[in-house]
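Peer 1: Pasting the sequence and the predicted coordinates here, then a few questions.
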Amino acid sequence: MGEDAESPKINHTFLRDYVTEADVISTVEFNQTGDLLATGDKGGRVVIFQRETEPKGVSEEEVGDSGEYNVYSTFQSHEPDFDYLKSLEIEEKINKIRWLPQQNAAHFLLSTNDKTVKLWKVSERDKRPEGYNLKDEEGRIKDVSTITSLRVPVLKPTDLMVEVRPRRVFANGHTYHINSISVNSDGETYLSADDLRINMWHLDITDRSFNIVDIKPANMEDLTEVITAAEFHPHHCHLFVYSSSKGTLRLCDMRASALCDRHTKLFEEPEDPGSRSFFSEIISSVSDVKFSHSGRYLLTRDYLTAKVWDLNMDKGPVETYQVHEYLRSKLCSLYENDCIFDKFECVWNSSDSVIMTGAYNSFFRMFDRETGRGVTLEAWRENSKPRAVLRTRRVYTGGKRRRGDVGVDSLDFTKKILHMAWHPEENIIAIAATNNLYIFQDRVNPDAQMQ
Amino acid sequence: MEVDRGAMDCAVDAQSLISMSLMKIHSSRTQRGGIKLHKNLLVSYVLRNARQLYIREKYAEIYRMQQYEEVMAVCSGIQELEPLEPLEPLEPQGAEDAEPEQPGRAAGCGDESRAAGGREPPEPPYYRSCCMEDQFSQNCNKTTVLDLDTHVVTTVENGFLHQDCCCAAAAAPQCAPGAAARKRKVDSAGCSPDAEEPSDYTAGRKRLKREECSGADASNISNLISIFGSGFSGLLSRQADLEQVCSKQALASLGAWTRAIVAF
């Protein structure tokens, strides 16, 4: 389960290495206002955190826990499943969660595993009706002969209850493993992408979906690339982008044709022949793609770098950030222990001035786009006390060694930061480190605009 | 493809990468959640890259030894890459081999022990060891395989492999009946043209499981290798220069990997 690391913990050092596989967090997502934060894990559970609201007229120092996130609701989204026809086990791991824009008092989110997307309604109930005519207070049916008068039931306040109900199940749309879902800005449709196909669904219709991209070759022997991520444009409901394992991005316009196999724009960086290696194909595979909030830029992550692309320029990225270049000489070992296949996510801050992505050893990196400088931070319980200032870290790659530098060979590759989210308006970030959730808030510059 | 080997760490040679990659593909069959297409595609790229380098190095090594007569026996199969002196007629090994003798029959890659040793008597035809070099056995008239359980490279007395590999010369889809039969067997699991790929491997997997329960481990492993090997046969054709291995044909053959992977 996700835990807010800001509460003190007993030192369970001897248990530290034991992590239940099911508790490993597999996705993190803020809703559009940032008041709710959802996490999904490998066990198919979703945990929703809610930000405590600050009472009006009270200064921040006086209120104790305000602005912090506490558990709001927990539910089992997906169960392990079995495809009897293909003799395939379907993992219950939650691959992605996406919130719908809020339209009424209830909140809606989409969660998906490898095969099935589900729409959940999260609603609060803080009143209940009392004074039924035919039932008594415990719910037992009354003897009709004892009823002498009629009354109208009244709503009385009760303890807050959060109800989560499945409203739609979008099943049987995908043969391959779903890697992305994205809600359209039109508020009515969303897309789901697997390795070879992208489908578009209407949120109200579960028995039909439109296939909008299909890159499955007629002969599977000709397969050379797969789809790795897809996202709708934040403002234009007809545009979406998808990334491939070859490191290319394709922008598609649904107005052009029903089947968007032919891209409107292809974003590709020419390969540097000097850096070719056995693993060139693996490290060029894009693991995540995100539109900027402005809709003007794209952020992609491959194994060693994060790149910013301008939608108006398809010849190559406009910015490239080295996340952990020191791993380039270690690719063989990383291939051996499968770390080279890790899929890191990347996020924008609310003003699109900073990008963030994860690395190993519980490190994550932030890059300031204006200065081009990067900083390494650590999400690790022992170093994080509530209200402590995050220290910057450094990986020693040569030159003068400073105290606190970590050598490349001392990096713990089991502690990987793959999933993260940035609050849509403020400088609050949520970092998933295996089975722990870290939430960091910038108290100095809480609003992005002040930077 | 020029590989920047200077950028490699640890004991990176093509062979260890090949065996590592095959292990990954093999273990992906039993992973929970089904075979991950993306990961296996990437592994197949590494496999292709390693194999290209391996073939290059083998070719260079054999070319160096060309001055010695015993190279004839060793390199009979490499003929198809670059014609050397004419071959002695060779006897077919297995009963399944229905094809006429071809000077360009696939080679068992020569092993170091043979190269180092003296002249060997004429051997029955060499069958391409699709991926591995035989380091441990003297009998290179058999195919060499990697035992995925013990990681030991051994020879296998099995006629299937040579059939898969001999098709390379024809630069056509697998022609050998054995390989075709093997491949078709895997394909027929979900035989309708529009059948989704994963449905192919249900029956294929069951069939392979049955095979694994019966018969020696070696033959089962060679079955596995033979299916993979058929995917590589297109990488080397009579005309293809080593520098052109990245041609469409190579990619098409690479795809056979994917189908084989999916077939499991």
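Peer 2: Alright, I've got the coordinates.

Peer 1: what residues does the stretch 51-200 of chain A put near chain B?
Peer 2: Neighbours of chain B within the stretch 51-200 of chain A, by CB under 8 Å from any CB of the partner chain: A:85-91, A:93, A:114, A:175-177, A:195-196. Every residue, glycine included, has its C-beta placed from N, CA and C.

Peer 1: again, only using 10 Å
Peer 2: Within the stretch 51-200 of chain A, the positions near chain B by CB under 10 Å from any CB of the partner chain are A:80, A:83-93, A:113-115, A:175-177, A:179, A:194-196.

Peer 1: Looking at these, which are in strands?
Peer 2: Those of those mapping onto strands are A:83, A:88-90, per DSSP state E.

Peer 1: Between its first and last residues, how far does stretch A:108-118 reach?
Peer 2: Stretch A:108-118 has its terminal residues 10 Å apart, counting by CA to CA, to the nearest Å.

Peer 1: tell me which residues in that stretch are buried?
Peer 2: Of the residues in stretch A:108-118, A:108-118 count as buried by neighbour count, 16 or more other CB atoms under 10 Å in any protein chain shown.

Peer 1: could you dump the ones in strands among the residues of the stretch 51-200 of chain A next to chain B to TSV with neighbour count?
Peer 2: Putting these into TSV (neighbours: other CB atoms under 10 Å in any protein chain shown) gives the following:
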residue	neighbour count
A:83	14
A:88	21
A:89	15
A:90	20
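
Peer 1: Dump those into CSV; add pLDDT as well.
Peer 2: As requested, those are exported to CSV (pLDDT from 0 to 100):
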residue, pLDDT
A:83, 90
A:88, 87
A:89, 91
A:90, 95
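
Peer 1: Farthest-apart pair in these, please.
Peer 2: Of all pairs drawn from these, the one with the longest distance (CB to CB) is A:83 and A:89, at 7.8 Å.

Peer 1: now residue A:217: how far from residue A:227?
Peer 2: Residue A:217 sits 13 Å away from residue A:227, going by CB to CB, to the nearest Å.

Peer 1: any shared contact partners between those two?
Peer 2: residue A:196 (CB atoms under 10 Å, 6 or more residues apart in numbering or on different chains).

Peer 1: of these two, who's got more company?
Peer 2: Taking neighbours as other CB atoms under 10 Å in any protein chain shown, residue A:217 and residue A:227 compare with residue A:227 leading, 24 against 15.

Peer 1: if we can go back for a sec, which of the ones in strands among the residues of the stretch 51-200 of chain A next to chain B sits closest to chain B?
Peer 2: residue A:88 (4.4 Å; CB to the nearest CB).

Peer 1: Using PDB, list the CA coordinates for stretch A:120-139.
Peer 2: Output of stretch A:120-139 as PDB, limited to C-alpha atoms (Å, rounded to 0.1, in the frame of the first residue of the first chain):
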ATOM      1  CA  TRP A 120     -14.600   4.000 -11.200                       C
ATOM      2  CA  LYS A 121     -16.900   6.500  -9.500                       C
ATOM      3  CA  VAL A 122     -15.600   7.800  -6.300                       C
ATOM      4  CA  SER A 123     -18.300   9.500  -4.300                       C
ATOM      5  CA  GLU A 124     -18.800  10.700  -0.700                       C
ATOM      6  CA  ARG A 125     -21.700  10.000   1.500                       C
ATOM      7  CA  ASP A 126     -22.000  12.000   4.700                       C
ATOM      8  CA  LYS A 127     -25.800  11.800   5.200                       C
ATOM      9  CA  ARG A 128     -28.200   9.000   5.500                       C
ATOM     10  CA  PRO A 129     -31.900   8.800   5.400                       C
ATOM     11  CA  GLU A 130     -33.700   8.000   8.700                       C
ATOM     12  CA  GLY A 131     -37.300   7.400   9.400                       C
ATOM     13  CA  TYR A 132     -38.400   4.800   6.900                       C
ATOM     14  CA  ASN A 133     -42.000   3.700   7.100                       C
ATOM     15  CA  LEU A 134     -41.600   0.100   6.200                       C
ATOM     16  CA  LYS A 135     -38.200  -0.600   7.700                       C
ATOM     17  CA  ASP A 136     -37.000  -0.100  11.300                       C
ATOM     18  CA  GLU A 137     -33.700   1.400  12.200                       C
ATOM     19  CA  GLU A 138     -31.800  -1.900  11.700                       C
ATOM     20  CA  GLY A 139     -33.300  -2.400   8.300                       C
END
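
Peer 1: Show me which of the buried residues of stretch A:108-118 is closest to chain B.
Peer 2: residue A:114 (6.2 Å).

Peer 1: Now do the contacts for that closest one.
Peer 2: When contacts are counted by CB under 10 Å, 6+ apart, residue A:114 touches A:78, A:81, A:88-95, A:174, A:176-179, A:194, B:33-34, B:36.

Peer 1: 6 Å - rerun?
Peer 2: Applying CB atoms under 6 Å, 6 or more residues apart in numbering or on different chains to residue A:114 gives the contacts A:90-91, A:177-178.

Peer 1: Would you mind measuring from the closest residue to chain B within chain A to residue B:44?
Peer 2: Relative to chain B, the nearest point of chain A is residue A:221 (3.1 Å; CB to the nearest CB). Per CB to CB, residue A:221 is found 11 Å from residue B:44.

Peer 1: What of residue A:286?
Peer 2: In this view, residue A:286 and residue B:44 are 18 Å apart by CB to CB.

Peer 1: same question, residue A:126
Peer 2: Counting by CB to CB - residue A:126 and residue B:44 are separated by 56 Å.

Peer 1: and those two? which has more neighbours close in?
Peer 2: Shown here are residue A:126 and residue B:44; by other CB under 10 Å, residue B:44 has more neighbours (25 against 11).

Peer 1: Angles on the backbone of that one, please.
Peer 2: phi -70, psi -30 (degrees, to the nearest 10).

Peer 1: Model confidence for it, exactly?
Peer 2: What the model reports as pLDDT for residue B:44 is 95.

Peer 1: average pLDDT across the helix or strand where residue B:72 lies?
Peer 2: Taking DSSP states H and E as the definition, one finds residue B:72 inside helix B:71-74. Averaging pLDDT along helix B:71-74 gives 69.

Peer 1: what does the longest strand seen in chain A contact?
Peer 2: Secondary structure of chain A read by DSSP E shows that its longest strand is strand A:154-170. Strand A:154-170 is contacted from outside by A:73, A:75, A:117-131, A:201, A:206, using CB under 6 Å, 6+ apart.

Peer 1: Distance from that strand to the middle of the chain?
Peer 2: 25 Å (CA atoms, centre = their mean, to the nearest Å).

Peer 1: Show the average pLDDT along it.
Peer 2: 94.

Peer 1: Given that strand, what are its sheet partners and their directions?
Peer 2: The strands that strand A:154-170 pairs with in its sheet are strand A:117-130 (antiparallel) (by DSSP bridges).

Peer 1: List the buried residues in the partner strand.
Peer 2: Buried-residue list, strand A:117-130, by 16+ other CB under 10 Å: A:117-120, A:122.

Peer 1: Which of the residues you listed sits closest to residue A:249?
Peer 2: Of the buried residues of strand A:117-130, the one sitting nearest to residue A:249 (CB to CB) turns out to be residue A:117, at 23.2 Å.

Peer 1: and that closest one, what does it touch?
Peer 2: Contacts of residue A:117 (CB under 6 Å, 6+ apart): A:110, A:170, A:192.

Peer 1: And for residue B:43?
Peer 2: Residue B:43 makes contacts with B:21, B:24-25, as judged by CB under 6 Å, 6+ apart.

Peer 1: Any of those residues buried? List them.
Peer 2: Using 16+ other CB under 10 Å as the burial test, those include B:21, B:24-25 as buried.
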